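**Student:** coordinates only, sequence not included:
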């Protein structure tokens, strides 16, 4: 079907690309955006996830509107935030940060929020916020050392990737698993389908 509208994913994340593919969707273009992801003072995790997803979508819209071929595309963006209570955990780039996150998550529950923002071809903004509760087992020093050595924590919210070795840390999960990976598929496909983008089913 050649008249299928274009879909832009405002992300360079291989995880989000793989999740879209899992849902039978292919982004026509990836437009990762450089935005400041630092939480504002006192900002709540759910507010941060929503704000950053919207900012990514809007930044991608600015880029897309400069290219005639991309005008009238659907623009999809997401941002995932991991929090313990109201404390927002970083997207870890340093091993010390990741170790600190894992010690904090050990033996307790945390919440994973993903903000999903969709800008339609008519430039309407549609948003969803998805929350999943995750409980980790108590992590031994060996568990943490082994995980840090894997490098899977790099660039991940809360210092872990559930689809890798950290999946063995999860005692209980309430809500969307794909939300924790980085793109809640049920809500994303519903959002796209509700705005006229052709999704399966």
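**Tutor:** Happy to help now that I have it. Predicted, not measured: the structure shown is a model, and the values here were computed from it.
**Student:** what about the helices in the protein?
**Tutor:** For the chain, the helices defined by DSSP state H occupy 14-22, 45-64, 95-105, 141-150, 177-181, 185-194.
**Student:** Of all these, which one comes closest to residue 122?
**Tutor:** Taking CB to CB, helix 45-64 is the member of the helices of the chain nearest to residue 122, at 11.8 Å. For the C-beta atoms, the positions are set from N, CA and C on the backbone; glycine is no exception.
**Student:** name the helices or strands packed onto the closest one?
**Tutor:** The helices and strands touching helix 45-64, judged by 3 or more CB pairs under 8 Å, 6 or more residues apart in numbering; DSSP states H and E, are strand 74-84, strand 109-119, strand 125-136.
**Student:** Just want the angle from that helix to strand 74-84.
**Tutor:** 150 degrees (axes from the mean of the first three to the mean of the last three CA atoms, to 10 degrees).
**Student:** okay, the angle between helix 45-64 and strand 109-119?
**Tutor:** 30 degrees.
**Student:** buried sites along helix 45-64?
**Tutor:** By neighbour count on 16 or more other CB atoms under 10 Å, the buried set for helix 45-64 is 45-61, 64.
**Student:** what do you get for stretch 12-20?
**Tutor:** 13, 15, 16, 17, 19, 20.
**Student:** Need the contact partners of that stretch.
**Tutor:** Applying CB atoms under 8 Å, 6 or more residues apart in numbering, the contact partners of stretch 12-20 are 9, 11, 26-27, 30, 32, 78, 161, 163, 178, 181-183, 185, 188.
**Student:** before we move on, what about stretch 90-101?
**Tutor:** So stretch 90-101 is contacted by 37, 82, 89, 144, 147-148, 153-160 (CB under 8 Å, 6+ apart).
**Student:** out of those, which one sits closest to residue 111?
**Tutor:** Checking the contacts of stretch 90-101 against residue 111 by CB to CB gives residue 82 as the nearest, at 7.5 Å.
**Student:** Okay, and the beta partners of that closest one?
**Tutor:** residue 112 (DSSP bridges).
**Student:** mind listing what it touches?
**Tutor:** Per CB under 8 Å, 6+ apart, neighbours of residue 82: 45, 88, 89, 101, 110, 111, 112, 113, 157, 158.
**Student:** contacting residues for the nearest residue to residue 118 once chain neighbours are set aside?
**Tutor:** Spatial nearest neighbour of residue 118, excluding adjacent residues (CB to CB, 6 or more residues apart in numbering): residue 126 at 4.5 Å. Each residue near residue 126 by CB under 8 Å, 6+ apart is listed here: 117, 118, 119, 120, 191, 194, 195.
**Student:** cutoff 10 Å now
**Tutor:** 57, 74, 76, 116, 117, 118, 119, 120, 191, 192, 194, 195 (CB atoms under 10 Å, 6 or more residues apart in numbering).
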